[in-house]
Every structure is written in C-alpha cells, then in structure tokens.
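In: please work out how this folds:
(one chain, ligands or ions: 1)
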Amino acid sequence: MTDDTAGAADPLEHAPARVRLRFSPSDKEVRVPSGVTVFDAASWNGIAIDSTCGGHGTCKKCKVQVQVGDVPVQPMDARAFRQSELDQGWRLACLAAATTDLAVEVPPLTTRPKAATVGVGRQVILRPALQKRYVELAEPTLTDQRTDLERLLGAVDDLELRVDTAVVRDLGRTLRAADFKVTAVVVGDELIGVEPGDTSERVFGLAFDLGTTTVVANLLDVSTGTPAAVCSMLNQQQPFGADVISRISATMLDPTALERLRDLAHKTLNDLAAEACAEAGVDPSEVYEVALAGNATMVQLALGIDPEPLGVAPFILASSGYSGLTALDLGIHIHPQARASVFPALGAYVGGDIISGVLATGMDRDKRLRLFIDIGTNCEIVLGDGERLLATAAPAGPAFEAASIRCGMRAAPGAVEVVRIDDDGLRLQVIDDAVPAGLCGSGLVDAVSELVRVGLLDGSGRFVSEDAAAEVAPKVADRLTMVGDERVFLLASEEETGGNAVYLSQRDVRELQFAKAAISTGWRLLLEAFGVEEGDIQQVLLAGSFGTYLSPASAVRIGLVPKLPVLRIVSAGNVAGEGAKMVLLSAQEHHGAQTLLEEIAYLELSDRTDFNDRFVDELAFPT
Ligand code: FES
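Out: Presented below is the predicted three-dimensional model:
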C-alpha cells in the first residue's frame, strides 16, 4: 500500500466526514463531505462564485473570505492576495478544501459571465436555446400593412422562427397595449411568447433531477448562468414503494396506479417549481424552459407511459427520447408555452440521469481513464477515456437505501453516518448530532469497513468469535452481542439512545456484501472489456446522493470501488441535476446530450454466463 492509499495514511481519516458551511450574504447552510472545496460546496448548492477557469485554480477570480474556521493558505493564494488579506481569511474558493466547519463570505459577482461552471468543474459557454429580444416596432399605417406577426418577425429576422397559434392569439392586444415595444421570448427556433415592454433581464429556466427518492430543482438565471434557487423534496410517489420495481409492480397490479403515479410526479415537480420561484422572487411566468434528468422508470411515469416493459425481461424502453414536450406535459405550471426537454435514456437501466451525469462530468471528452459510479438500488457504472465510453448497470439491491437493513434509515436527522473505531473505542457521527436512531447507507459502509479493519469481521464477512474479538478489539469487543438469535455489533445500546438500540446484524453485513459484489463485478467486467487494469484508473467519480457522502477510504476498504489512492476517488455531487443545468445554459451541450447516446456502448451483465461465478468471487472483503 502506498502512502496515499486508503488505510492508515488516509489524509481525511481524522477529519469529520461531513462539514457544515455557512455562506453569507445568502445565509445558506450546507453540509458536504470533508475535503470538498468551498467552490464545489457553493456551486452544488446554488451559490454563485466568480470564476472563468471553472474551478481549476488559474483565474484567481473565485475570491471568498473565510470568516470562521481554518483553511490553510495555498501557494496560489499567496499570489492572489496580499498578506493582510490572507490574514483576514481571503482565499481562492476552488483551492480551499473544507475540512472543518466554516463561515464564508461570498462577494457579489463582478462580471456578467460569459460562461458558467457546472458539473465537476466544467465550464459551459453561455449560449442558451432560451433567449429574449427587446424590439421597438414601427406602428402599422395604411401604407405599411404588414401583419402583426410579420412586423415582429421582421425585427428578429436573424432567427428563423416557428410560431404556434397560441402565441398569435394575444399578439395584437399586447403590441398595442405596449406601444409596439415588446420582448420576444424564443426557445431554439420557436417563438413562445411576446411580452409588453423590455423584460429581457428576466429569463429563467428550471433544471430537475427527478430521482426515485429525492427530486431536486435548480432555478437558473439563464442569461448569466447563475443559480437563483435550489430546492429539493422527497418524490411524492413514495407511498407506492421505495424503488422503481415496486412502482412498476404497482402499475401492473392496479389499473389506476399509473395515473396516480403520474399525478404524484407532476405534483412533486410543480411544488418544487413553485417553491424555487418563491424563494428567488421570480414569477412562475418568467420561467420558460425546463430540463429534466431522471431514470427511465421515473421519466416514463412522469409522462404517463406504461412502465411494465421496463420491469420484465427483455427490459424495453418505450422510447429513448421524447421531443416536442412542454412544461405542462410534466405538470409544471410556469409560462404557459414553456418548453421541456427530457434527457434520453440508453436502456431500461441506464437512464437519462446517467446520460446527464456523463455530460456533467465530461466523461466523453476528458482524456483521463475515469470510472463513474452512481450507487443506488440499481447501480450504473460508466468507464471512459475521452475516446470510448462503456456503461453497465448492476443490480445492487436495496442495501444502500437501508430498506433491507435491520436498523436502516434514510440519511435524515438521527442517522449514523460515520463510524470510527480507535484507541478510545467507538465513535459515531450522527446527522444533526441527534440521538442515534438508525444507520444510513454511508454509515453502513463505514461500520462494515471499520469492523473489517479492526478484525471483528473476517474476510468472508462473518463476525469473529468472542475470544478473537476480545483479542483484536478489546475496547469494543463487548458490543459484539446477540439480538434474538442473531449476532450483532451494537452501535448504540438502549441505554445510550434512551430508546431502541442501533446495531449492525450479521444479515445486514451479508446484504452489503451482495450489493458491493454486484457493483464490483460490474466495474471489473467493464475494465476487462476495456482492456485496462484497476490501477490504471485516474479518477473514480462517486455520484448520486448516496455516492456523494460515501467515505472513499471505507469504499476502498470493503472493495466497493477499485483499490486506488483515496485522492483519486471524488464525490461528484448531484451530477444528474448539473447535466440538466448544462442543457439549459448551452444549446450545444443539449445537442451533446443527444449524441452521447450514440457514443456510449452498453455491456449487458444479465446474460453473461460468468456473472454468477464472478459475483461469488467478489463477495469477500479485500484482505
Ligand atoms: S475558479 Fe479560477 S482560480 Fe478558482
């Protein structure tokens, strides 16, 4: 093991796994994995920081003042600031790794940006399909008999526009009421609205990540690329089951379920749109375009399309993409003519959310060999080197969602998210510092990883005997006990919680082993198909709400991800949502999302005769 390999030399080992950042003047508080830069933490949470280099440490524009907490001075900081400024806490946000709680003052943007930073440090040149043109038209006369529409289109004749009759309906009234001074609203090659006066400064779009569990909305000022608001909520389809299979099953059992599921998706999206608009002080009628990324089942349900063929072999999509959609097709009440685009899907189990993530991470153009893993019930994996892209989907099961874990719970207050065993015994980090109530996905991985590390779990995943436990980990050996007829490791006893005990059972360990074996079999087969070795991988991107919070060291230790230096394993944040932002900001990126479908090859695992043997080989923990 090299110095920077996961294990004893993990530089984040003694840092808290998540840190809290408070940004002013927006007064937003966010929690991110320790080690994430202030720049990424801000951009993941919709807080704009100046940048022209996309967070690569070269433009010196991302100046922020760390008012509370400590961030070491980097060599580039010393070139960007005077000593007195450094003493006052000024740092370059993209180089400032947050390893403790911080309070950060973000200066207002100094320039009207021509590019925006989205995804994993991607710079997107602002060329949105959505644009506004303010025009002052000559009034008609007896000698100038052009129609109202000709008059308007003549003033924007560099664009060849299609016009829906719905737009013409109010045109005459709007032109006359506004003395023929109006703003044309255009999305791509369509005129979707005409507004009185000059409204060209007010142009917004909504990017959605429609997840099975959580739905996130980003309201963007499309003219500057800056985020106006970010909101999230649970997908209101939850009563139909936690995963896609239970929601597909619901539609097979009950003929009314599809309509109800569609309505719940619409309500979730519309509630979020309303919340984001209210937070940003934007009228919903000022939002003209929607981009949505979601897995294939979520997209089909939201469009009211029967998902049954997705759930049974041979797993067929209704369509890989959908054109001509409006926001109303998704139940979103914003501008009445607002357009909507939905990321295309590669297959039933590599959906638009993954295409969006690949776009946001630049997997199609980055020359490094990179592995993208979105961990969830269905785990999507993509390997790429800028030339080739190969994807697969591995059925990881519900372990990470904690549904099948005895004391499992969602990552909410009370969830144990970090587990450490050291000379003083057991240390837990609980979300919101609450009394432990259960174990979330990242806590599960951490707990198992620590128990393997100290020797309380052997390589096969079995708890060791009491004698062996007393020898290898005397401080915590008495936590290895029985609940009913099952051996468990007690994370918090009834006395410690004042209520129910929180523990990890032998069966929970098995569940995690199944999940991690499915995932590691998936990436190993991708590596083989690519003809590369584990050690060749230059970066592993952990995506999705679960992957983002996973401890890289723990993920390496249990063999969930390739055995690499932890610094090569990075949290990618909500990349599905970032890809959706990208297509709103750049028509070119929108086009890129479509062409990705042709560039990504798919490796099917379910029909491989060697899958089961390989899966069984992967069940053990690396020693
Ligand atoms: S974003 Fe350019 S230096 Fe930080």
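In: and the helices in the stretch 451-600 of the chain?
Out: For the stretch 451-600 of the chain, the helices defined by DSSP state H, counting those that start in this stretch occupy 466-472, 494-497, 506-530, 544-549, 552-557, 575-585, 587-599.
In: which parts of the chain belong to which domain?
Out: Annotated domains of the chain cover 18-110, 130-196, 204-342, 362-398+512-617, 400-506 [automatic domain parsing].
In: in contact with residue 67, which residues?
Out: By C-beta atoms under 8 Å, 6 or more residues apart in numbering, the contact set of residue 67 is 24, 89, 103-105. (Glycine included, C-beta is placed from N, CA and C.)
In: if we use 6 Å, what do you get?
Out: With contact taken as C-beta atoms under 6 Å, 6 or more residues apart in numbering, residue 67 is in contact with 89, 103, 105.
In: ok, the first one touching residue 65?
Out: Yes. Taking C-beta atoms under 6 Å as the contact criterion, residue 89 and residue 65 are neighbours in contact, 5.0 Å apart.
In: ok, those two, which is more surrounded?
Out: The residue with more neighbours, out of residue 89 and residue 65, is residue 89; 20 against 16, by other C-beta atoms under 10 Å.
In: distance of the more buried one from the ligand?
Out: The gap separating residue 89 from the ligand is 16 Å, by C-beta to the nearest ligand atom, to the nearest Å.
In: single out the most deeply packed of the helices of the stretch 451-600 of the chain.
Out: Mean neighbour count (mean count of other C-beta atoms under 10 Å) peaks for helix 575-585 among the helices of the stretch 451-600 of the chain, with a mean of 30.
In: could you export that one as PDB, CA atoms only?
Out: Extracted in PDB, the C-alpha atoms of helix 575-585 (Å, rounded to 0.1, in the frame of the first residue of the first chain):
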ATOM      1  CA  VAL A 575     -24.300  15.300 -11.400                       C
ATOM      2  CA  ALA A 576     -27.700  14.400 -12.900                       C
ATOM      3  CA  GLY A 577     -29.000  17.800 -11.900                       C
ATOM      4  CA  GLU A 578     -25.800  19.500 -13.100                       C
ATOM      5  CA  GLY A 579     -26.200  18.000 -16.600                       C
ATOM      6  CA  ALA A 580     -29.800  19.300 -16.700                       C
ATOM      7  CA  LYS A 581     -28.400  22.800 -15.800                       C
ATOM      8  CA  MET A 582     -25.900  22.500 -18.700                       C
ATOM      9  CA  VAL A 583     -28.500  21.900 -21.300                       C
ATOM     10  CA  LEU A 584     -30.400  24.900 -20.200                       C
ATOM     11  CA  LEU A 585     -27.300  27.100 -20.500                       C
END
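In: so where is the stretch 1-150 of the chain shaky, pLDDT-wise?
Out: By pLDDT under 70, the weakly predicted segments of the stretch 1-150 of the chain are 1-16, 54, 110-117, 119, 121.
In: what parts of it come near the ligand?
Out: Counting by C-beta under 6 Å from any ligand atom, the positions of the stretch 1-150 of the chain adjacent to the ligand are 39, 51, 53, 55, 57-62, 92, 94.
In: strands - which of those land there?
Out: Counting by DSSP state E, the part of these found in strands is residue 92.
In: just the buried ones out of the residues of the stretch 1-150 of the chain next to the ligand, please.
Out: 39, 51, 53, 55, 57, 60-62, 92, 94 (16 or more other C-beta atoms under 10 Å).
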